[in-house]
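A.B. asks: got a structure for you, letters missing:
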């Protein structure tokens with residue numbers, strides 16, 4: 001059984017979604033709902049904090065990529081931060097760097113989006 005813990009917090013128009021666990025097809029819907037809730041709740045910019053994620057399947061990456069365009073059309077940004085080496089490796093292999101900006105830490109991502 002896959003476990004995923006999600007925590008959100010808001011800093012005005014900037015929201016942070018912190019994920020812990022494994023992101024695969026069985027839980028990607030939870031991540032999708034959390035992002036949708038943040039965006040409908042007024043978040044313009046979103047940091048997805050991944051330091052607690054050791055594996056993300058294509059379903060998880062698909063959720064993030066699907067939301068990047070939505071956020072951009074509203075003048076905002078969706079970025080990832082704190083990727084573990086294993087997750088960062090897959091991120092690089094998938095060629096996501098030009099599409100989905102990443103930052104080493106949540107703090108750096110927050111500073112860049114403010």
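C.D. replies: Received it, and whenever you're ready, just let me know what you need. Predicted model only: the values in this text are computed from it and were never measured.

A.B. asks: Following element in sequence after the strand ranked longest in the chain, please.
C.D. replies: Using DSSP state E to define each element, the chain has its longest strand at strand 45-56. Following strand 45-56 in sequence order, the next helix or strand is helix 58-73 (DSSP states H and E).

A.B. asks: what comes into contact with that following helix?
C.D. replies: Residues outside helix 58-73 that contact it (Cβ atoms under 8 Å, 6 or more residues apart in numbering): 23-25, 28, 31-32, 35, 39, 44-46, 48, 77-78, 80, 90-91, 94, 96, 99-100. The C-beta positions use only the backbone N, C-alpha and C, and glycine is treated the same way.

A.B. asks: again with stretch 16-35
C.D. replies: 2-10, 38, 46-50, 52-57, 59-60, 62-63, 66-67, 78, 106, 110.

A.B. asks: Which of those residues are buried? Put it as a ChimeraX command.
C.D. replies: For the buried members of the contacts of stretch 16-35, the matching ChimeraX selection, counting by 16 or more other Cβ atoms under 10 Å, is:
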select :4,38,46,47,48,49,50,53,56,57,59,60,63,67,78,106,110
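
A.B. asks: If the spatially closest residue to residue 110 that is not a sequence neighbour is in a bridge, with which residues?
C.D. replies: Leaving aside its chain neighbours, residue 110 sits nearest to residue 47 (6.1 Å; criterion: Cβ to Cβ, 6 or more residues apart in numbering). Note on residue 47: beta-bridge partners by DSSP bridges are residue 16, residue 79.
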